[in-house]
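Participant: sequence and predicted structure are below.
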2 protein chains.
Amino acid sequence: MKHDLHNDRFLLYKCIMEQTPHILVIDDDREIRDLLSKFLERNQMRVTSARDGREARRVWSQGHYHLVVLDLMLPGESGLDIARWLRSQTNIPIIMLTAMGDDTDRIIGLELGADDYVAKPFNPRELLARIRAVLRRATETQEQGNGEVREIVFAGWTLEIARRRLLNPAGVEVPLTGGEYDLLLALLERANRVLTRDMLLDLLRGRQAGPFDRAIDVAVSRLRRKLEDDGRNAQLIKTVRGGGYVLAADVERR
Amino acid sequence: MKHDLHNDRFLLYKCIMEQTPHILVIDDDREIRDLLSKFLERNQMRVTSARDGREARRVWSQGHYHLVVLDLMLPGESGLDIARWLRSQTNIPIIMLTAMGDDTDRIIGLELGADDYVAKPFNPRELLARIRAVLRRATETQEQGNGEVREIVFAGWTLEIARRRLLNPAGVEVPLTGGEYDLLLALLERANRVLTRDMLLDLLRGRQAGPFDRAIDVAVSRLRRKLEDDGRNAQLIKTVRGGGYVLAADVERR
DNA sequence: GGTCGTTGTGCAGATCGTGTTTCATTCCGT
DNA sequence: ACGGAATGAAACACGATCTGCACAACGACC
């Protein structure tokens, strides 16, 4: 599912800026808890797990969570009870793990206020997708009027975050590829600080630089052309020989 | 995020200042009433329900509502009668629940001034999305002074909400299928923001994308053709490679 | 049961983005 | 100056992604 690559990047960015989402997994099966921890953590989420209601409540009181993954079938206290208890505390999003893909379960789950449910046995990737969808819905509705950064202005240019596009000083759109946008954003966010190729590569692609890796150079070159910033006597993106690149300009966040 | 104290206070504040939307659900099926109450309430809405016209009128006179969800098929007094009666009282937004594919009902309902309709059996999330959309339209224009949004104008085209139809710049109707209308509305409502396929699928069908899901692509393609917006150099619906689609145009709500 | 309209899937081809290669140019220490 | 290392930029190549078409599936309506 390559097509949500940019969304992944966006999530990554948000994680760094705000806080990576923190998931509470409640399941009695140790294997599942471990599997989920590993898997979700590999996908930029923090995970805490609990084996039953008692542990869940204890853990709950000690941390802040963004979403709960809850097994409906627990020994002792039922998952439904835990859901009810959670609901009495907050309106945190809940994803239920149910036994059968039965519609009855779904209705019950939704009545109790689950935001989604996943049938067991489940595919971790599917659960991840649903977690993301639920988190997205949760944040989308709340950050309507929120004072987020909408655009970044520098040297007459404007980068619109929501639309992922760049306007030149005359206000005309200059089309950027995904990679170019990411690079520019990375530079702007650390304006006036030198970024090594390693850092940029790690930031943008999450990989290490090979021995003769010119990827960043080329990306910078292409971005410079679009910014009408000639490479030899570049004004905006200055190269630091043996060091990396700096975006040299006053930036204003709005 | 939602569950922390700060945000709870904020929500509380919002509730008091703006009033959480108050929904009146009119349906004879007890299960549906309960399901909707639970589901909507945990999505920050107040819900009152009535099982028939008599109860609806009684409840109506005792409270103040922002939107009505109305089942068309009621025993005794028809849903259409209730809609007519509601219309004689106010211009409160109405969302109709219709039996699957009953086109006649749909037409009548829309002519009576329903703001949207949802086919039964429905996905609660889809209904929620539509409720939010209708409420958003209603309040947005209220703030601008005059009444409800009747149509959305963009790049010369006009989308008539009440009649669910599209007029080209010359004023001629271009017939849209249900899915095409929904897609266009979803794009218009978030104009100039990138929507991933996941989001669109979630918004339109309440489901998540499979690994080779081409549904959205095709839908966009077909919509583009009707909008005379050639795929390769599309002006209205731009594709964001690896990201999704954006409707790029100034939109005016009336 | 047949037909039509709508929506999803598979496939082939076109397009676009990005890394690599290559070579010219610049920088800097010697 | 000279030469090696670093950088800029054009050309190329490959893969990922998008589009359009044809067809299949599905349900509604007659």
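Facilitator: Received the coordinates, thanks.

Participant: where does A:G179 land in three-state SS?
Facilitator: helix (DSSP: H, G, I helix; E, B strand; the rest coil).

Participant: got the residues of chain A near DNA strand C?
Facilitator: Counting by C-beta under 7 Å from any atom of the strand, the residues of chain A close to DNA strand C are A:177-180, A:205, A:210, A:212-215, A:218-219, A:222, A:232, A:241. (Glycine included, C-beta is placed from N, CA and C.)

Participant: among those, which ones lie close to DNA strand D?
Facilitator: When C-beta under 7 Å from any atom of the strand is applied, the members of the residues of chain A next to DNA strand C adjacent to DNA strand D are A:214, A:218, A:232, A:241.

Participant: what ranges does the stretch 101-250 of chain A have for its strands?
Facilitator: Along the stretch 101-250 of chain A, counting by DSSP state E, counting those that start in this stretch, strands occupy A:116-119, A:151-154, A:157-160, A:165-167, A:173-174, A:237-240, A:244-247.

Participant: one step back: by neighbours, which of the ones next to DNA strand D among the residues of chain A next to DNA strand C wins?
Facilitator: Using other C-beta atoms under 10 Å in any protein chain shown as the neighbour criterion, A:R214 leads these with 11 neighbours.

Participant: wait, what's in contact with A:L236?
Facilitator: Residues near A:L236 by C-beta atoms under 8 Å, 6 or more residues apart in numbering or on different chains: A:154-155, A:224, A:227, A:229, A:247-249.

Participant: of these, just the buried ones, PyMOL syntax please.
Facilitator: This is how PyMOL selects the buried members of these, with burial counted by 16 or more other C-beta atoms under 10 Å in any protein chain shown:
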select buried, chain A and resi 154+224+227+229+247+249
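
Participant: among the contacts of A:L236, which ones are in helices?
Facilitator: Those of the contacts of A:L236 mapping onto helices are A:R224, per DSSP state H.

Participant: what is the nearest of the contacts of A:L236 to A:P75?
Facilitator: Using C-beta to C-beta, A:L247 comes nearest to A:P75 of those, at 56.7 Å.

Participant: which residue is the nearest non-sequential neighbour of that closest one?
Facilitator: A:L187 (3.9 Å; C-beta to C-beta, 6 or more residues apart in numbering or on different chains).

Participant: what about that neighbour, neighbour count?
Facilitator: Around A:L187 there are 25 residues (other C-beta under 10 Å).

Participant: among the residues of chain A next to DNA strand C, who's most crowded?
Facilitator: A:A219 (22 neighbours).

Participant: quick one: contacts for that residue?
Facilitator: Contacts were defined as C-beta under 8 Å, 6+ apart; by that measure A:A219 touches A:179-180, A:183, A:204.

Participant: touching whatever helix or strand A:E31 lives in from outside, list them.
Facilitator: Per DSSP states H and E, A:E31 falls inside helix A:30-42. Identification of contacts with helix A:30-42 by C-beta under 8 Å, 6+ apart yields A:23, A:25, A:27, A:47, A:49, A:51, A:69, A:71, A:124, A:127-128, A:131.

Participant: ramachandran coordinates for A:L24?
Facilitator: phi -110, psi 120 (degrees, to the nearest 10).

Participant: and stretch A:181-197, how far apart are its ends?
Facilitator: 16 Å (C-alpha to C-alpha, to the nearest Å).

Participant: stretch A:41-49 now?
Facilitator: Stretch A:41-49 has an end-to-end distance of 12 Å (criterion: C-alpha to C-alpha).

Participant: list the buried residues of that stretch.
Facilitator: So for stretch A:41-49, counting by 16+ other C-beta under 10 Å, buried means A:43, A:45-49.

Participant: and the helices in chain A, which stretches?
Facilitator: Listed in chain order, the helices of chain A (DSSP H) span A:5-17, A:30-42, A:53-62, A:79-89, A:103-111, A:124-142, A:178-189, A:197-205, A:215-226.

Participant: which pair in the residues of chain A next to DNA strand C spans the largest distance?
Facilitator: Most distant of the residues of chain A next to DNA strand C, by C-beta to C-beta, are A:G178 and A:R241, 28.4 Å apart.

Participant: what is A:K238 paired to in the beta sheet?
Facilitator: Counting by DSSP bridges, A:K238 is bridged to A:V246.

Participant: picking up where we left off before, any idea which of the contacts of helix A:30-42 the model trusts least?
Facilitator: pLDDT across the contacts of helix A:30-42 is lowest for A:P124, at 85.

Participant: which residue does the stretch 101-250 of chain A bring closest to DNA strand C?
Facilitator: Residue nearest to DNA strand C within the stretch 101-250 of chain A: A:G179 (2.6 Å; C-beta to the nearest atom of the strand).

Participant: can you tell me which residues in chain A are near DNA strand D?
Facilitator: Checking chain A against DNA strand D by C-beta under 7 Å from any atom of the strand, the hits are A:2-3, A:5, A:214, A:217-218, A:220-221, A:224-225, A:230-232, A:234, A:239-244.
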